[in-house]
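Enquirer: I'll drop the sequence and a predicted model, then ask my questions.
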There are 2 protein chains.
Amino acid sequence: MTAAADEVRLARAYLMRVAEPPAVAVGELVENRGPVQAAALVRDGKCPPAARAETEARAHLDQAAQDLELAARSGARLVVPEDDEWPAWPLLSMWQAVRRGVKALAPPLGLWVRGSPPLADAVQPGVAVVGARACSGYGRHTATELARALVTQGIPVVSGAAHGIDAAAHRGALAGGGPTVAVLACGIDTAYPAGHGELLDRVAGLGAVVSEYAPGVPPARHRFLVRNRLIAALSDGTVVVEAGARSGSRNTAATAGALGKVVMAVPGPVDAATSVGCHELIRSAAATLVASTADVLETVGRFGEAHPGRPRPRRLTDSLGPEALRVHEALPARGGYSAERVAVDSGVPIARVRAVLPALELDGLSVRCEAGWRRGRKGAVDDEH
Amino acid sequence: MTAAADEVRLARAYLMRVAEPPAVAVGELVENRGPVQAAALVRDGKCPPAARAETEARAHLDQAAQDLELAARSGARLVVPEDDEWPAWPLLSMWQAVRRGVKALAPPLGLWVRGSPPLADAVQPGVAVVGARACSGYGRHTATELARALVTQGIPVVSGAAHGIDAAAHRGALAGGGPTVAVLACGIDTAYPAGHGELLDRVAGLGAVVSEYAPGVPPARHRFLVRNRLIAALSDGTVVVEAGARSGSRNTAATAGALGKVVMAVPGPVDAATSVGCHELIRSAAATLVASTADVLETVGRFGEAHPGRPRPRRLTDSLGPEALRVHEALPARGGYSAERVAVDSGVPIARVRAVLPALELDGLSVRCEAGWRRGRKGAVDDEH
């Protein structure tokens, strides 16, 4: 496995401390000049104006070695695009979005990572399971079971480690044996939200905790929105399990859509405020309804991996044509009718009735008796709707 | 108001007794030759082969006057296309379907009706609310409340008078003051299902009970499917409230779609078997998700009549651009930071920070203090997703 040179890692660590993500101009500078030269230009204030605007406020914070040291102390490493384990394939969509002019979806300059599997392996072929912090018991249960089933199918579960649906998704994935990936909106060394330290340790144990923020950077509202683009980008598809009327999950869903990823939402009772956002996403065709793990796998295009579809219950009469069905329906359950009587009751011409009745008999759907014909034991009348 | 001549009504009553619906060839014969001549041709066995096949078995049942008398005894009348009260507009879609080759959607030759309002007024502009007989308490409640709200908005509710969702829809509409329309799969004088006699009387009191089957014709499975096309045709759109995996509501929905009507489905918990059919309809894009009466009105194109949309909760910070949001987020809740510190923490250039802070102050989002700047009282950090 190939790893980046130290100077490359130091240069990217510096730029990640200096530029608040998403930093499209710095990203383009790095693409054009390489990370080492880009870092030097930023440090010296000699970069183009757009990159300068993105870095000016913090260009003096030259603490890359210190950040690598801080990260290492909390068991984290910096993964950069020059490393083999960089998840280049899922993140490709971010550059494609930038090329289409969506600069807010610029890719990360690197990713701080806690967890032993190579990052690319931990995230691929992942599905994001996200949703409201203020979730219901129904949402928590659904997220847990969905995540557990996904990892059982070999699909890593990506989420945001927040309270509510996110935590349920991570926990379900851990219960299923992982892997699961938590993308943070703060430094890799910050246990946020408070009380999720142990959960994050377990996530790191079976998958990866990931952040594009330098060590010590606190969470902030705009960072959650920026982080959401990474959750979407690192996954093949995003499932919103519960979302209120103005939930940020809608933002994740919109981002996933803009990245060309599959967006899915789980329905719920129409009187539950926690499902309003999901219903709006589905209703507006921004998301595809998913009601089961099989639905999720089918939607992200993993037909082969899906459980076989629920078998539809079949009735013997399902295979009958309309005429035979009418004849069958006209037969009495007890006693017997003449073929003429069946013709009148069913409205099917007598010649056809005489042909259909013996055919039904072969399938056990009609019985010849002294009084004429009656219905066979197979094929009962059922729910009319 | 113009009513059809007696001989026209007698001719159609005869044809309706003789031809099992949908009878597309008889319908076309009536269109071409008029009902009186068409009836004579059928009676004498001199009609074209297709119409003959549809009538042969019962052509001898010449009991039109008797059927009109039977119907009158149960308070019903025969409404025919020659009457002013014929719902010509909603049923137009049926001839259009026939022209496209979907013969199973042929229109009725007439409609037996119980209820005082003119039929066209009772059904228009109606919405069908249908679903499983074996429904849940959730489905029953949702159907009741939806129907009640629809009639309050002046929308008649059409359904099939079955147990479960259908009955709940009629009851909700009655509770809201009607009108509601029940379309039967048996003779107008048959109280089916047993125990719904009083419900049907109340429906007839505030709207209409409707059937294309001659008096005394018993319900049969194929008649439910045929009847479902009338429920769909008489409405501008069909809402499926609950449906199991192989529910006939899917048939109603498919029919509504084939008639060019709007198809809608109500979601529910993903672990409820009673919502599986609805979820499949939505997931396959055969139906639009509706989670509220406003959704239904919007979907059938009654924007003007809909309740105003749920007002979205707004935060003051929602109107901030990304830069101002980053500055705002970097402000401490207590104490104060210098503009320089805010620039470093937010990553926004110092010149822009100096411009943004006073602008935030005008909105009450930042406060100038001895130590520098802190966050204003308005605009709290909230749910991150």
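Expert: Everything's here; your move. Predicted model, so just to flag it, every value in this text is computed and none were measured.

Enquirer: pLDDT below threshold where in chain A?
Expert: A:1, A:302-319, A:378-385 (pLDDT under 70).

Enquirer: at 50 instead, please
Expert: Along chain A, the parts satisfying pLDDT under 50 run over A:303-314, A:380-385.

Enquirer: now the nearest residue to A:E7 once chain neighbours are set aside: which helix or strand?
Expert: Leaving aside its sequence neighbours, A:E7 sits nearest to A:V36 (Cβ to Cβ, 6 or more residues apart in numbering or on different chains; 5.4 Å). Where C-beta positions appear, they are placed from N, C-alpha and C, glycine not excepted. Here A:V36 sits within helix A:35-43, counting by DSSP states H and E.

Enquirer: same thing with A:W112?
Expert: In this structure, A:W112 is located in strand A:111-114 according to DSSP H and E.

Enquirer: following that strand, which helix or strand comes up?
Expert: Counting by DSSP H and E, the next helix or strand C-terminal to strand A:111-114 is helix A:119-123.

Enquirer: so does the next helix or strand after that following helix get close to chain B?
Expert: Using DSSP H and E, the helix or strand that directly follows helix A:119-123 along the chain is strand A:127-130. Yes. Contact between strand A:127-130 and chain B, assessed by Cβ under 8 Å from any Cβ of the partner chain, occurs at A:V130.

Enquirer: and strand A:127-130, what does it pack onto?
Expert: Judged by 3 or more Cβ pairs under 8 Å, 6 or more residues apart in numbering or on different chains; DSSP states H and E, strand A:127-130 is in contact with helix A:137-152, strand A:157-159, helix A:165-175, helix A:221-233, strand A:237-240, helix A:249-258.

Enquirer: now the ones you listed in JSON lines, with distance to B:G115 and mean neighbour count?
Expert: Shown next, in JSON lines, are those (distance: least, Cβ to Cβ, whole Å; neighbours: other Cβ atoms under 10 Å in any protein chain shown):
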{"stretch": "helix A:137-152", "distance to B:G115": "42", "mean neighbour count": "22"}
{"stretch": "strand A:157-159", "distance to B:G115": "56", "mean neighbour count": "32"}
{"stretch": "helix A:165-175", "distance to B:G115": "49", "mean neighbour count": "27"}
{"stretch": "helix A:221-233", "distance to B:G115": "55", "mean neighbour count": "25"}
{"stretch": "strand A:237-240", "distance to B:G115": "46", "mean neighbour count": "30"}
{"stretch": "helix A:249-258", "distance to B:G115": "46", "mean neighbour count": "23"}
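
Enquirer: can I get those in CSV with distance to chain B?
Expert: Shown next, in CSV, are those (distance: least, Cβ to the nearest Cβ, whole Å):
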stretch, distance to chain B
helix A:137-152, 6
strand A:157-159, 10
helix A:165-175, 7
helix A:221-233, 4
strand A:237-240, 9
helix A:249-258, 5
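
Enquirer: show me the beta-bridge partners of the residue nearest in space to the middle of chain A.
Expert: Chain A has A:T238 as the residue nearest its centroid, 2.6 Å off, counting by Cα atoms, centre = their mean. Per DSSP bridges, the residues bridged to A:T238 are A:A128, A:V263.

Enquirer: stretch A:272-284 near chain B at all?
Expert: Yes. Under the criterion of Cβ under 8 Å from any Cβ, chain B is reached by stretch A:272-284 at A:275-276, A:279, A:282-283.

Enquirer: just the ones of these in strands?
Expert: Applying DSSP state E to those, no entry is found in strands.

Enquirer: now tabulate those in a markdown table and tack on distance to A:V353.
Expert: Shown next, in a markdown table, are those (distance: Cβ to Cβ, whole Å):
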| residue | distance to A:V353 |
| --- | --- |
| A:S275 | 52 |
| A:V276 | 55 |
| A:H279 | 50 |
| A:I282 | 48 |
| A:R283 | 48 |
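
Enquirer: out of the residues you listed, who's nearest A:P118?
Expert: A:I282 (35.7 Å; Cβ to Cβ).

Enquirer: residue in the stretch 151-300 of chain A with the shortest distance to chain B?
Expert: Closest residue of the stretch 151-300 of chain A to chain B, Cβ to the nearest Cβ: A:P267 (3.3 Å).

Enquirer: which of the helices or strands spans that residue?
Expert: Applying DSSP H and E, one finds A:P267 in no helix or strand.

Enquirer: now do it: how many residues are near it, please.
Expert: Around A:P267 there are 28 other residues, counting by other Cβ atoms under 10 Å in any protein chain shown.

Enquirer: identify the residues contacting it.
Expert: Contact analysis of A:P267 by Cβ atoms under 8 Å, 6 or more residues apart in numbering or on different chains lists A:275, A:278-279, A:282, A:289, A:291, B:267-270, B:275, B:279, B:282, B:289.

Enquirer: nothing else from me, thank you.
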